[in-house]
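**Student:** no sequence for this one, just the structure:
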């Protein structure tokens, strides 16, 4: 009887080891790829529903397309989050094209992974509710900081160059919404920073509400 119990324990451990191994390579499996493709498609759909903000120019609108990306990154790992974010951008370009000379899509990708990757890395180290909350907070802070720097030194100058307009014209678009915006850094501090902060909070809240239920479906792919 003892030998039989030992044999069963060995089998159980072997099966558990196989499950762990399968989960580690899930991102490369056909089912893992399917999960990422589905989350990317959902993200593209969510990109269509943009919410204008009262404190920022019209080209800053919030959507919830990062929610599926964040869920995928939490369930499958940070690399999966990057892949889903990239697929989201490519699918959106293929379906809707670009109205920003690719500057908006480039910004969406960089700032999206600035949020998703740090959050997923922290969560993957210790998969607890507390770790997830810490990851979401740090991801939001990182997105705010990266978004401010990128907008000031890369994205807004690139947007101005692509449309052959002075940066002052973009600043004036902000002034029309908020008279306190009188310079590029006013635009960053009074529009870009609160925009990314609000987006991070809302996306984190929605992800926290639905992740547990959705993740069980995603992990079923493994």
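**Tutor:** Cool, got the structure. Small disclaimer: the values here were computed from a predicted structure and weren't measured. Numbers count the residues shown, from 1 in each chain.

**Student:** and the strand or helix carrying residue 36, what other elements does it pack with?
**Tutor:** Applying DSSP states H and E as the criterion places residue 36 in helix 30-47. The contact analysis (3 or more Cβ pairs under 8 Å, 6 or more residues apart in numbering; DSSP states H and E) places helix 30-47 against helix 66-76, helix 78-96. For every residue, glycine as well, the C-beta is placed using N, CA and C.

**Student:** can you redo these as TSV with mean pLDDT and distance to residue 113?
**Tutor:** Formatted as TSV, the helices and strands packed on helix 30-47 follow (pLDDT from 0 to 100; distance: least, Cβ to Cβ, whole Å):
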stretch	mean pLDDT	distance to residue 113
helix 66-76	92	9
helix 78-96	93	5
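
**Student:** Give the next helix or strand downstream of the helix holding residue 36.
**Tutor:** Scanning forward in sequence from helix 30-47 by DSSP H and E, the next helix or strand is strand 51-52.

**Student:** Would you mind listing the outside residues contacting that following strand?
**Tutor:** For strand 51-52, contacts defined as Cβ atoms under 8 Å, 6 or more residues apart in numbering pick out 58, 61-63.

**Student:** What about these, which are in strands?
**Tutor:** 61-62 (DSSP state E).

**Student:** Buried ones among the contacts of strand 51-52?
**Tutor:** Among those, the ones that count as buried by 16 or more other Cβ atoms under 10 Å are 62-63.

**Student:** Turn the contacts of strand 51-52 into a markdown table, columns for distance to residue 34.
**Tutor:** Listed next are these as a markdown table, based on distance: Cβ to Cβ, whole Å:
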| residue | distance to residue 34 |
| --- | --- |
| 58 | 37 |
| 61 | 30 |
| 62 | 29 |
| 63 | 24 |
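
**Student:** So which one of the contacts of strand 51-52 is the model least confident about?
**Tutor:** On pLDDT alone, residue 58 ranks lowest of those, at 85.

**Student:** Now that residue. Nearest residue, chain neighbours left out?
**Tutor:** residue 52 (6.3 Å; Cβ to Cβ, 6 or more residues apart in numbering).

**Student:** Show me the beta-bridge partners of the one you found.
**Tutor:** Beta-bridge pairing of residue 52 under DSSP bridges involves residue 61.

**Student:** Pull the number of nearby residues for it.
**Tutor:** Other residues within reach of residue 52, judged by other Cβ atoms under 10 Å, total 12.

**Student:** And for residue 155?
**Tutor:** Residue 155: 20 surrounding residues under other Cβ under 10 Å.

**Student:** how much space between it and residue 148?
**Tutor:** As judged by Cβ to Cβ, to the nearest Å, residue 155 and residue 148 stand 10 Å apart.

**Student:** likewise residue 197?
**Tutor:** 10 Å.

**Student:** One more: residue 81?
**Tutor:** 21 Å.

**Student:** more neighbours, the two?
**Tutor:** Using other Cβ under 10 Å as the criterion, residue 81 and residue 148 rank with residue 81 on top: 29 against 17.

**Student:** Report pLDDT for the residue lying closest to residue 152 once chain neighbours are set aside.
**Tutor:** Once flanking residues are discounted, residue 152 sits nearest to residue 188: 5.2 Å by Cβ to Cβ, 6+ apart. Per-residue confidence (pLDDT) for residue 188: 96.
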